[in-house]
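Engineer: Make a model of this:
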Amino acid sequence: MYTLKNQSFKKAQNELSVISNNITNINTNGYKRTHDQLYLKESNLNVKQIFVEVANAIELRKFKSIADVGCATGAFPRYLSKRFPNTQITGIEYINSLINKAKSDFPNITFLKGNVLDKASIKKKFDVITMLGVLCIFDDYERVLNNVLAWIKPKGRLILHNMVSEYDIDVFVKYSSSSKKFVSNQQESGWNIISEKSLELVVKDNGAKVVSSKPFLLNVNLNKQADVMRSWTEENSLGHNDIFNALHIRQPQKIIVIEKF
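Structural biologist: Predicted structure coming up:
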């Protein structure tokens, strides 16, 4: 199992918006997404803590193919290709500017344009699919999970990094900049908190089950930035870092492993 030391995160607050690490700017039920363009400005060579921990979950079994859905500019597929050099690695992304940069920067990795709301957009099937900070964008999480699970081979796994509630409550979050009036098409998405119970119900209908659920505890301190939607940390009574942003939500981040029958 790999670990990543704190000193590897010296530039973390400039590089990491923790939960929305790999999100894609596709149709999110009419809500806009401006956050995605940050990835064009960030380095896709940095190894982040979540990359290491998700890869640790993957290596518990041997797989021939791994796809990262919502890969942005290819940072996580690049890490996977180094960590699992004998495994076929694919990045799946919807935004043209992001996938074009990924293809340009990492020509030895396969990148496909795919839409989690369109099952037919991906024809291949994979042993493992990862989604880091993607599911929380979509209100219709059932549709997203149905589609992505269809891209996984029998006995394969879906590994999610997402905000997940231990309570049987689903939370749907929208926000906008301060204004005199409410404008529906100016509401931004990306911070939904889906309950573990809801995940279990949806994956069961797809011939799959949740096999593990592990809290993701960030081991670096993040300071507030000018962009208050970028995450920061506050130490809790247990000495762990809770993750916040301007939404005033303590982010219950987890790594969830789902296996198909």
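
Engineer: okay, CA-based contacts and neighbour counts for the rest of this
Structural biologist: Noted.

Engineer: Quick one: residues contacting the closest residue to Lys224 other than its chain neighbours.
Structural biologist: Distances taken as Cα to Cα, 6 or more residues apart in numbering put Trp232 closest to Lys224, at 5.3 Å, once the chain neighbours are dropped. Contact analysis of Trp232 by Cα atoms under 8 Å, 6 or more residues apart in numbering lists 13, 221-224, 243-245.

Engineer: tell me the least confident of those residues?
Structural biologist: Lowest in pLDDT among the contacts of Trp232 is Gln13, which has 41.

Engineer: Quick check: Asp168 vs Lys260, distance?
Structural biologist: Going from Asp168 to Lys260 by Cα to Cα, to the nearest Å gives 23 Å.

Engineer: pLDDT value on Tyr141, please?
Structural biologist: Note for Tyr141: predicted pLDDT of 98.

Engineer: Hmm, it is touching Leu135, no?
Structural biologist: Yes. Counting by Cα atoms under 8 Å, Leu135 is a contact partner of Tyr141 at 6.4 Å.

Engineer: quick one, which of those two is more surrounded?
Structural biologist: Leu135 (27 against 20; other Cα atoms under 10 Å).

Engineer: and the more buried one, what does it touch?
Structural biologist: 141, 144, 162.

Engineer: Return the subset of those residues lying in helices.
Structural biologist: Among the contacts of Leu135, the ones falling in helices (DSSP state H) are 141, 144.

Engineer: and which of the contacts of Leu135 is nearest Ile92?
Structural biologist: Ile92 has its nearest neighbour among those in Val144, at 13.9 Å by Cα to Cα.

Engineer: How about Gln253: what's its closest non-neighbour residue?
Structural biologist: That would be Met163: by Cα to Cα, 6+ apart, it lies 4.3 Å from Gln253.

Engineer: what's the spacing between the top strand by length along the chain and its chain's center?
Structural biologist: Assignment by DSSP state E gives strand 152-165 as the longest strand of the chain. Chain-centre distance of strand 152-165: 11 Å, with Cα atoms, centre = their mean, to the nearest Å.
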